[in-house]
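Chemist: this one's sequence-less:
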């Protein structure tokens, strides 16, 4: 009997993080970190887990999108799926009717990404490897075959991608050993949420340095006087040698971003993240030119590889921030990692939320072992929320992510959390003791 | 008693257009023109109609998105809603949790657009005016207050927008009279669907010229030899003086678009539409530079005003193709019309599908009367499908749209069509006599 996908279960799971303003920023004052959680089951009893991260209201739309696309996954033969997740990614992204709803953007694209990631999780479990290792063990030819180059060839051809991967073959075994023994650099956003008071900010900044972080991040963009005061507190707390990135979460237009950041320049910010609309390639380029040497970073809301291509072509970013759940899964993130490598721009993945740290670490670690070959000026975002709900949570030590060893993509949430926080009928919500703040 | 919105009904309605390959192109071989149809009702018994156009599978996701956002509309006081639909648009687009699913793109953004358009339909019905007239009668100050300039000011400020509208006040009454007596130019895509055979193509081309059209459009990008042959047939059928636009529906990458179009250049194509990904601003600029004097057109899949802003800033388009249902409704299309006017680029709206002609004509006619003041090199797309299902269908005469006179945005579908084509339980679908082809 051919092993097939027998079901795709989708669960709306929401954590009431808005109660303590964890995750609060200029654009998201009261997020409830949530997910459209995806569980594939096969006729042989195997599982693949995935999720699409959301921040509360609207998760039901994301669930509906996953359920619609799931029709293209149920019944598929597992051997073929796991041998070539790229074929599934092309079918999901390219369906000639559903494509009208994007193309390649928004909830439909993220639904494709969640399903594709769940298939990669299944593939890695079957291979008995963590995903980063599964990817790093693929040949350059296999990796390139997983990428859709249709709209990318004016910036990156298949041949150029192959050459990048073949060059990186040198020293791969050494880098894998370094990764496993030393881990991968992390940076922390824990101190800098906009809803935290000054005392908490100063205390968490000092704790971050003591914990070994070389880079911390502060949310900005609510009020200029507050930002000046908070940046001063943070700089004093961490000293001159620790990098402080700032993140406006898209709150500004282009002229406003430039004017506001000039007021913060005296505190030596390392990068300004999401200064304006994530769609505004030319706007980011203008901000970068005006604010150099402050770097410009974006990516958590950059919706596909075509947009990343342009950010690189336009010299609009110094830091590429991939996100595990925004684009169409591992395959499209491979394309983005290849583009970043071609343009020589470091990748510092976006994480936090629910499971973003767990998922995206695999991509950065693959990149170090088998593509860019470097961790210089690179770090994966780390936020210390909600990891307790995962079966294979990230492990942080000395300001570094330790390489996951369990087979899969580390996406699995424990059953108790799925049932407790299921929305709207899980006990954490149905009891009415917690409630989503609105803003 | 304050009049309030009491319900938002959403209907999944699909027309089995794929059976005759009406609407077939290189990217959409078998579309079933569909809509997430929206009906607002008020406590005083008034109605507002809107829709989001889709092409078959996935319409249920669009319906789910409208239903989620509808919670922000039900219960709202009608006087305030219709006096300032822009306030609703900002709330729908800016909800701090739902925003994560975009921002400003995909099904969530289109759902906001459908609801905002339904409110404008309600507003125009209450005012007893067709929407184009309601808009043209607003003052420059009122119009500018309906636009969100947050991400646009590096290209267009409120002051510049006001100046454009004030300049256009001259001659407004004359242009309104011209519009009502002569209509607005149309172009036709009816001859050129990719699924039509050569005989049908030639016959429909000749009929289009006889009907008074000065511009026709052919779908291209399936097969180069076929395109060369079909372009030859079309050029011979219409003669040298009728403009022939071609439309690739995003099938190509940038180098491929340039190479392919060079083979068609001998037939004097007027514009190449959607040569590549709608997200690729820099790609469109490269194609335009390589192919001049052939013009470049795009817009039906350009997901928000930030993207249109960049297409104009980068000199990437000669023709801006607004779509009534892609962006967040009338308000965001006002922003796009203002941007196009600022950059001096003509607007030729995308239409066809279900109701796109009915809706978008109002925006082009407003633009002629009160903003650009011109119909030179402008035309609204026309396709002769499915108009019979509307209570106020477009009227075409001599290759021109006649100005609608009925109050509203012409979005209302007759009840019989809504019940007959309701998916999946309407008789046209439940009977199993029609079926969506897949590709």
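Modeler: On my side now, so go ahead. Model, not experiment: these values are computed from the prediction. Numbering: from 1, shown residues only, chains lettered A, B, ... in the order given.
Chemist: For the nearest residue to residue A:103 once chain neighbours are set aside, report the pLDDT, please.
Modeler: Nearest residue to residue A:103, sequence neighbours excluded (C-beta to C-beta, 6 or more residues apart in numbering or on different chains): residue B:301, at 6.4 Å. From N, CA and C alone the C-beta is placed, and that goes for glycine too. pLDDT for residue B:301: 98.
Chemist: repeat for residue A:114
Modeler: On the pLDDT scale, residue A:114 gets 98.
Chemist: what's the residue of the stretch 51-200 of chain A found nearest chain B in contact with, if anything?
Modeler: The nearest approach of the stretch 51-200 of chain A to chain B comes at residue A:106, 1.8 Å away (C-beta to the nearest C-beta). Listed by C-beta atoms under 8 Å, 6 or more residues apart in numbering or on different chains, the contact set of residue A:106 reads A:303, B:101-102, B:105-109.
Chemist: Report the buried members of those residues.
Modeler: For the contacts of residue A:106, a burial check counting by 16 or more other C-beta atoms under 10 Å in any protein chain shown picks out A:303, B:101-102, B:105-109.
Chemist: Give me the subset of these that lies in helices.
Modeler: The helices, defined by DSSP state H, take in B:106-109 from the buried ones among the contacts of residue A:106.
Chemist: Report the two of these separated the most.
Modeler: Within these, B:107 and B:109 form the most distant pair, 7.4 Å apart (C-beta to C-beta).
Chemist: one step back: please produce JSON lines containing the contacts of residue A:106, extended by distance to residue B:121.
Modeler: Shown next, in JSON lines, are these (distance: C-beta to C-beta, whole Å):
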{"residue": "A:303", "distance to residue B:121": "30"}
{"residue": "B:101", "distance to residue B:121": "25"}
{"residue": "B:102", "distance to residue B:121": "24"}
{"residue": "B:105", "distance to residue B:121": "24"}
{"residue": "B:106", "distance to residue B:121": "23"}
{"residue": "B:107", "distance to residue B:121": "21"}
{"residue": "B:108", "distance to residue B:121": "21"}
{"residue": "B:109", "distance to residue B:121": "19"}
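Chemist: how's chain A carved up into domains?
Modeler: As recorded under the TED database, the domains making up chain A are A:4-130, A:166-416.
Chemist: can you put those domains in TSV and add distance to residue B:164?
Modeler: Below are those laid out as TSV (distance: least, C-beta to C-beta, whole Å):
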stretch	distance to residue B:164
domain A:4-130	30
domain A:166-416	19
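Chemist: Select, out of these, the one closest to residue A:430.
Modeler: domain A:4-130 (11.9 Å).
Chemist: What distance separates the opening and closing residues of that closest one?
Modeler: With C-alpha to C-alpha, to the nearest Å as the measure, domain A:4-130 spans 22 Å from end to end.
Chemist: now it: how far from the chain's centre is it?
Modeler: The chain centroid and the centroid of domain A:4-130 are separated by 14 Å under C-alpha atoms, centre = their mean, to the nearest Å.
Chemist: that older thread, quick check: of the ones in helices among the buried ones among the contacts of residue A:106, which lies closest to residue A:428?
Modeler: Using C-beta to C-beta, those come closest to residue A:428 at residue B:108, 25.4 Å.
Chemist: Please give the element, helix or strand, for the residue nearest to residue A:103.
Modeler: Remark: residue B:301 resides in no helix or strand, with elements defined by DSSP states H and E.
Chemist: Pick out the residue closest to the middle of chain A.
Modeler: Centroid-nearest residue in chain A, with C-alpha atoms, centre = their mean: residue A:323, separated by 2.3 Å.
Chemist: For that residue, give me phi and psi.
Modeler: With angles defined as degrees, to the nearest 10, residue A:323 sits at phi -130, psi 140.
Chemist: residues contacting it?
Modeler: Taking C-beta under 8 Å, 6+ apart, we find residue A:323 in contact with A:299-302, A:349-350, A:356, A:360.
Chemist: For the stretch 151-300 of chain A, just list every one of the strands.
Modeler: Counting by DSSP state E, counting those that start in this stretch, the stretch 151-300 of chain A has strands at residues A:184-192, A:215-219, A:243-247, A:269-273, A:295-298.
Chemist: next one: the stretch 1-150 of chain A
Modeler: Using DSSP E, counting those that start in this stretch, the strands found in the stretch 1-150 of chain A span residues A:5-14, A:34-42, A:47-54.
Chemist: Give me whichever of the ones you listed is most buried.
Modeler: Most buried of the strands of the stretch 1-150 of chain A by mean neighbour count (mean count of other C-beta atoms under 10 Å in any protein chain shown) is strand A:47-54; its value is a mean of 28.
Chemist: Can you check what angle separates it from strand A:5-14?
Modeler: 30 degrees (axes from the mean of the first three to the mean of the last three C-alpha atoms, to 10 degrees).
Chemist: Flag every residue of the stretch 151-300 of chain A that's near chain B.
Modeler: Counting by C-beta under 8 Å from any C-beta of the partner chain, the residues of the stretch 151-300 of chain A close to chain B are A:151-154, A:250, A:253-256, A:276-283, A:286.
Chemist: Restricted to helices, list these.
Modeler: Per DSSP H, these map to helices at A:254-256, A:281-283, A:286.
Chemist: now these as JSON lines including neighbour count?
Modeler: Below are these laid out as JSON lines (neighbours: other C-beta atoms under 10 Å in any protein chain shown):
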{"residue": "A:254", "neighbour count": "23"}
{"residue": "A:255", "neighbour count": "16"}
{"residue": "A:256", "neighbour count": "18"}
{"residue": "A:281", "neighbour count": "30"}
{"residue": "A:282", "neighbour count": "21"}
{"residue": "A:283", "neighbour count": "28"}
{"residue": "A:286", "neighbour count": "22"}
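Chemist: Let me know the closest of those to residue A:200.
Modeler: For those, the nearest to residue A:200 is residue A:256 (27.5 Å; C-beta to C-beta).
Chemist: Give me the buried positions along stretch A:237-254.
Modeler: Going by neighbour count (16+ other C-beta under 10 Å), the buried part of stretch A:237-254 is A:237-238, A:242-254.
Chemist: whoops, stretch A:72-81 was the one
Modeler: Buried positions in stretch A:72-81, judged by neighbour count with 16+ other C-beta under 10 Å: A:72-73, A:76, A:78, A:81.
Chemist: Kindly report the same for stretch A:397-410.
Modeler: Of all the residues in stretch A:397-410, those buried under the rule 16+ other C-beta under 10 Å are A:399-404, A:407-410.
Chemist: Out of those, name the ones that lie in strands.
Modeler: Mapping these onto strands (DSSP state E) picks out A:400-401.
Chemist: ok, which pair from the buried residues of stretch A:397-410 is furthest apart?
Modeler: Put simply, by C-beta to C-beta the two of the buried residues of stretch A:397-410 set farthest apart are A:399 and A:407, 26.5 Å from each other.
Chemist: Just the pLDDT at the residue of the stretch 51-200 of chain A closest to chain B, thanks.
Modeler: At residue A:106, the predicted lDDT confidence score is 98.
Chemist: Chain neighbours aside, what residue packs nearest to it?
Modeler: Distance criterion C-beta to C-beta, 6+ apart; nearest residue to residue A:106, sequence neighbours excluded, is residue B:106 at 1.8 Å.
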